[in-house]
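Colleague: whatever this is, show me its structure:
(6 chains)
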6 protein chains.
Amino acid sequence: MLVEFGNTRVLCAASVQDSVPRWRRGSGQGWVTAEYAMLPRATNTRNDRESVRGKIGGRTHEISRLIGRSLRACVDYKALGENSILLDCDVLDADGGTRTAAITGAYVALADAIAWMRERRMCPGEPLIGSVAAVSVGVVGSVPMLDLCYTEDVAAETDMNVVMTGEGSFVEVQGTAEGAPFDRAALDQLLDLAVGGCEELTLIQQEALGS
Amino acid sequence: MLVEFGNTRVLCAASVQDSVPRWRRGSGQGWVTAEYAMLPRATNTRNDRESVRGKIGGRTHEISRLIGRSLRACVDYKALGENSILLDCDVLDADGGTRTAAITGAYVALADAIAWMRERRMCPGEPLIGSVAAVSVGVVGSVPMLDLCYTEDVAAETDMNVVMTGEGSFVEVQGTAEGAPFDRAALDQLLDLAVGGCEELTLIQQEALGS
Amino acid sequence: MLVEFGNTRVLCAASVQDSVPRWRRGSGQGWVTAEYAMLPRATNTRNDRESVRGKIGGRTHEISRLIGRSLRACVDYKALGENSILLDCDVLDADGGTRTAAITGAYVALADAIAWMRERRMCPGEPLIGSVAAVSVGVVGSVPMLDLCYTEDVAAETDMNVVMTGEGSFVEVQGTAEGAPFDRAALDQLLDLAVGGCEELTLIQQEALGS
Amino acid sequence: MLVEFGNTRVLCAASVQDSVPRWRRGSGQGWVTAEYAMLPRATNTRNDRESVRGKIGGRTHEISRLIGRSLRACVDYKALGENSILLDCDVLDADGGTRTAAITGAYVALADAIAWMRERRMCPGEPLIGSVAAVSVGVVGSVPMLDLCYTEDVAAETDMNVVMTGEGSFVEVQGTAEGAPFDRAALDQLLDLAVGGCEELTLIQQEALGS
Amino acid sequence: MLVEFGNTRVLCAASVQDSVPRWRRGSGQGWVTAEYAMLPRATNTRNDRESVRGKIGGRTHEISRLIGRSLRACVDYKALGENSILLDCDVLDADGGTRTAAITGAYVALADAIAWMRERRMCPGEPLIGSVAAVSVGVVGSVPMLDLCYTEDVAAETDMNVVMTGEGSFVEVQGTAEGAPFDRAALDQLLDLAVGGCEELTLIQQEALGS
Amino acid sequence: MLVEFGNTRVLCAASVQDSVPRWRRGSGQGWVTAEYAMLPRATNTRNDRESVRGKIGGRTHEISRLIGRSLRACVDYKALGENSILLDCDVLDADGGTRTAAITGAYVALADAIAWMRERRMCPGEPLIGSVAAVSVGVVGSVPMLDLCYTEDVAAETDMNVVMTGEGSFVEVQGTAEGAPFDRAALDQLLDLAVGGCEELTLIQQEALGS
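Modeller: As a prediction, this is how the structure comes out:
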């Protein structure tokens, strides 16, 4: 499925495998993981391909790990059985917030994949125990803002990615002072904004899944 | 630009650089090159990412080289000046004929990029000296066919990729006996089919470029 | 310098170079970066060397980037001039909280290196504009705790790394729900704990630097 | 065995293994593959070793794949049983036509290896169902020529590699317009030349194999 | 355990595994191997990490192999059973003689590990059949010297590493003329010095092992 | 040039470059280095290519370094000027003693290359200040032997490679106890044998060079 947030477009796809990584075998439990990548022309100036450079950059690794961790928060491994779901998030166009768009879109791909598995009776139980959505918030020119686009992102003094469940709990909070360090009041304001943003996305996800 | 041939979809983009590879510096001549890649979920069963495996496979290398070579056939290096054009061809969905679709689409991206350079007076002359299009033809069940889709491709006894100029000359002819070796008559039939296919594509390219 | 927090021991060293990465040249500004690594026997069960595996893992990348970003928060690039400081953080023994110990120790190494540069009049101004310290906090068995050791870390439902300046502002907040997602109240409790912990570390850093 | 064509010298060796690649196991069928490489001093100016550069170049990959594909055209996988034959083609001296010399020589090594296996009753049937030879042809100064040496190769406007069976069918036809695109008449002339060249080589191969 | 020779400090650790490399399986015999590495700041000017460069340098490989080979001289593989011992030697500070310090220290770590295995009845017999120690000797300004530090090492005309058993036999003799080639008399003098040095180290090892 | 010792055959070639590695620039001094490799079928059982594995093994590294170091012993860097000579030693057939055969043959290639440079007046002086040859000696069944072939090499209790100048001094002495450690008397016997062997090789080298 293709997620669009402003000019950011991310292709999210889930692949199901009826096996688990070696360290997980025999546990009766499943696994969920993710791979994030950007096409070379997703940004305004072309990026070299990581396959050509022969290694994956630190940023790519970090985001892939974040996506996987976030989605595992809404999965019951035992109910999944010894199956794996791999989420591919490929950014076609990048204009800020690619990692949060990827998480939000990957959730829909994950839910679809689990429904497909349930139809085929591949899982011993119901593996989907909730939903997950993510937003990026930031302070630009001392104004807290939701969903920064690329030019805002670069100008942001503070940048925060927040991943939440559909029920309003936090899965991941990552705030970084790009310019000046931020105080507790700014942190609180950003969290308020994020809570509102994630609620909206949860509704959109539910519509997309037709429930 | 996005090229679609049947269910095959390839994203083709051209990037212009005002420099050339080291071995070309000081020659007053430009260069054109290409990179081909497939998203992991372009095919029905997921392929591992080449960035994750840490190296580019032989097939990817071979196709990237073919695309670059084909497009260089319609470029005058001197008129291009010491500039490079890099063509990215990323397959979003693969259903046979991805390499020929990539060449045909990359030509349009190339022509666009050269027009953009000409507006900015970056080139000493007119670098575009013709057009290039490509088709795949094959023998399936002893019937010669144009534009094989994936299931036909797998079943083909002979598979041939033909790259031609808009004026009807050959740039590249690559025929492979997948099953039984083929005789001269079969080769001639396939070439006839290819000539017709490339003529059609040339018209479509001209429309896309609005000329 | 060797930092010890409980049984965690990290060797932190700063290396000064009178040049900057290519993208920074001619800007008149300096750069600070970090590399984090673990000796194979730092943990109870041996880890394979990343040099032997031929690539750096995602976790190592992520932590190296976090340390660099955190320390850049207390550096004025212009006052540093076109010099680079590279911080090496090598974990000799790991018993939880290695990344926060590395940041706290690297700050002392950084301050030492800057003092050494100032003596040699290598910098146009005073590059050190503050201090930085970090703690890990978490919820273990629903009790918020400071400075988790390895067994607590594994058992933690929520794990949070907080990097703060000596003046009490946040540089980085990274909270992850390992088990169940956490609510706003838990987040606030963890932040309170972290603030206290960083204040203590700031005092210890000042002592170590003899100021 | 050592093949010499003009000044080109290629060492071809076959290695037999009583197993097949993983994707082939349990099929009862064998596999044939090839690896091509050039010694650093095979050419006039030294080439860096691919082992030192840490990866195999696109050209090497492409040629290795071509050799493997060509030789598989004369092998019956079922009669081979679950055995693999790996053909190593190492170029000691390169003066044009190394890939076609490698194919022609590798066939002899392959036939020898199969005879050796037959003596040891390793194969359920007769795996060798024909012979394979290859030539390079080209247009130099508008004259079609057989077996280009290096200086001719560089000057060629069109370069074509043709792989044929001993019975005169085509296994692979790869024609590339290095300079100007070529027309159908030129293509036909080159194919005629190639047919004659391959016939001659087939006789030489039969002599070498003493049959 | 931490070995110090002058200003050289090497951390030596042994890791026991109840399995052997693939080529050794089913032989009933064990294996001993070693990995040597230097922290980036072990030397006065920082060395790049081999994990960052993505490959292990020739010198590192060579020393790792020397350490492994030396220690295998005092081990009875059959008495060890199908177990492996991996010795990690990480240089924290380098001031000459790191490889010989690593061998001498690794022996103590090995003996400790074997004692630990014997307590747990993991070995069918007594695998430790002797001891091993190593020194570096050299000719500096025509004077033969024991245990060169870094400045002497650089100035040495001849540099020799000698590994001996506790009983006074040679396991490895590696002499290199850095400057002028050396004659038989010089070689003999260096060997005499080495014999004395290894005897002393053997006593120190025995003390360290409390025997 | 092709060196043959028994069944061992090594192709040695020298390449001259009118530049030096970066760390050597501006010194007015030259450099000599070597690369050693084995063809996959040099041995009885095929070895995987290091280019395919993507990295050079420890053994290859070690031997390349030994060859370079040995040949530098007969070169005056200042008289060579800022030129480099790279020696390629490729083993076509391996039957023991490949590294010593490579050194002995590489010397002849080096002397040829220097003569070629002298003719072209590329060097400020006479860079060749002596000759270098190498032998392998060993103890097989308690009998010291010169020039072990492969089956003897495997059976050897002690294996020693000795590199000497034409004037009879030692450049490198590398003795390894493969089986039981060896005593001083055995070491002396092996050195005596090596001295005789190198003298013979020096004569053969002089003949080959026609002096």
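Colleague: please enumerate the strands of chain A.
Modeller: A:2-5, A:8-17, A:31-38, A:84-93, A:132-140, A:143-146, A:158-165, A:170-177 (DSSP state E).
Colleague: who wins for proximity to chain E among those strands?
Modeller: strand A:31-38 (19.6 Å; Cβ to the nearest Cβ). Where you see a C-beta, it was placed from the backbone N, CA and C, and this is true even at glycine.
Colleague: mind listing what A:Ser131 touches?
Modeller: A:Ser131 makes contact with A:Cys74, A:Tyr107, A:Ala111, A:Thr165, A:Gly166, A:Thr202, A:Gln205, A:Gln206, according to Cβ atoms under 8 Å, 6 or more residues apart in numbering or on different chains.
Colleague: switch those residues over to a markdown table; also include pLDDT, distance to E:Gly57 and neighbour count.
Modeller: Output for those, formatted as a markdown table (pLDDT from 0 to 100; distance: Cβ to Cβ, whole Å; neighbours: other Cβ atoms under 10 Å in any protein chain shown):
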| residue | pLDDT | distance to E:Gly57 | neighbour count |
| --- | --- | --- | --- |
| A:Cys74 | 95 | 46 | 22 |
| A:Tyr107 | 97 | 45 | 31 |
| A:Ala111 | 96 | 49 | 21 |
| A:Thr165 | 96 | 48 | 21 |
| A:Gly166 | 95 | 52 | 18 |
| A:Thr202 | 95 | 52 | 21 |
| A:Gln205 | 94 | 51 | 19 |
| A:Gln206 | 94 | 56 | 14 |
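Colleague: my guess is A:Ser19 contacts A:Gly81, does it?
Modeller: No: here A:Ser19 does not reach A:Gly81: they are 10.7 Å apart, not a contact under Cβ atoms under 8 Å.
Colleague: who's more crowded, those two?
Modeller: Set A:Ser19 next to A:Gly81 and count neighbours by other Cβ atoms under 10 Å in any protein chain shown: A:Gly81 wins out with 17 against 12.
Colleague: quick one: residues contacting the nearest residue to that one once chain neighbours are set aside.
Modeller: Spatially, and ignoring its direct neighbours in sequence, A:Gly81 is nearest to A:Pro124 (4.8 Å; Cβ to Cβ, 6 or more residues apart in numbering or on different chains). A:Pro124 makes contacts with A:Lys78, A:Ala79, A:Gly81, as judged by Cβ under 8 Å, 6+ apart.
Colleague: my read is that the last one contacts A:Cys123, right?
Modeller: Yes: the pair A:Gly81 and A:Cys123 passes the contact test of Cβ under 8 Å, sitting 5.2 Å apart.
Colleague: intersection of neighbour lists for these two?
Modeller: When contacts are counted by Cβ under 8 Å, 6+ apart, A:Gly81 and A:Cys123 are jointly contacted by A:Gly30.
Colleague: can you report phi and psi for the residue in chain A that chain E sits nearest to?
Modeller: Nearest residue of chain A to chain E (Cβ to the nearest Cβ) works out as A:Lys55 at 6.7 Å. The phi/psi pair for A:Lys55 (degrees, to the nearest 10) reads phi -150, psi 160.
Colleague: what pLDDT does it get?
Modeller: The model reports A:Lys55 with a pLDDT of 79.
Colleague: that one contacts C:Lys55, correct?
Modeller: Yes: with contact defined as Cβ under 8 Å, A:Lys55 counts as touching C:Lys55 (5.8 Å).
Colleague: okay, and the common contacts of the two?
Modeller: By Cβ under 8 Å, 6+ apart, A:Lys55 and C:Lys55 have these common neighbours: B:Gly54, E:Gly54.
Colleague: mind listing what's buried in the helix ranked longest in chain A?
Modeller: Selection of the longest helix in chain A by residue count, based on DSSP state H, yields helix A:184-208. Using 16 or more other Cβ atoms under 10 Å in any protein chain shown as the test for burial, helix A:184-208 gives A:186-187, A:190-191, A:193-195, A:197-198, A:201-202, A:205, A:208.
Colleague: likewise for stretch A:70-90?
Modeller: Buried residues in stretch A:70-90 (16+ other Cβ under 10 Å): A:70-75, A:77, A:79-90.
Colleague: correct me if wrong: A:Val135 contacts A:Leu146.
Modeller: Yes: A:Val135 lies in contact with A:Leu146 (Cβ under 8 Å); the separation is 6.2 Å.
Colleague: okay, those two: which has more neighbours?
Modeller: Using other Cβ under 10 Å as the criterion, A:Val135 and A:Leu146 rank with A:Val135 on top: 27 against 15.
Colleague: distance of that one from chain D?
Modeller: 41 Å (Cβ to the nearest Cβ, to the nearest Å).
Colleague: check contacts around that residue.
Modeller: A:Val135 is in contact with A:Gly97, A:Thr100, A:Leu146, A:Asp147, A:Asn161, A:Val162, A:Leu193, A:Ala194, A:Gly197, A:Cys198, A:Leu201, counting by Cβ under 8 Å, 6+ apart.
Colleague: apart from its neighbours in sequence, what residue is nearest it?
Modeller: A:Gly197 (3.7 Å).
Colleague: touching, the one you found and A:Gly138? I think so.
Modeller: No: between A:Gly197 and A:Gly138 there is no contact under Cβ under 8 Å: 11.7 Å.
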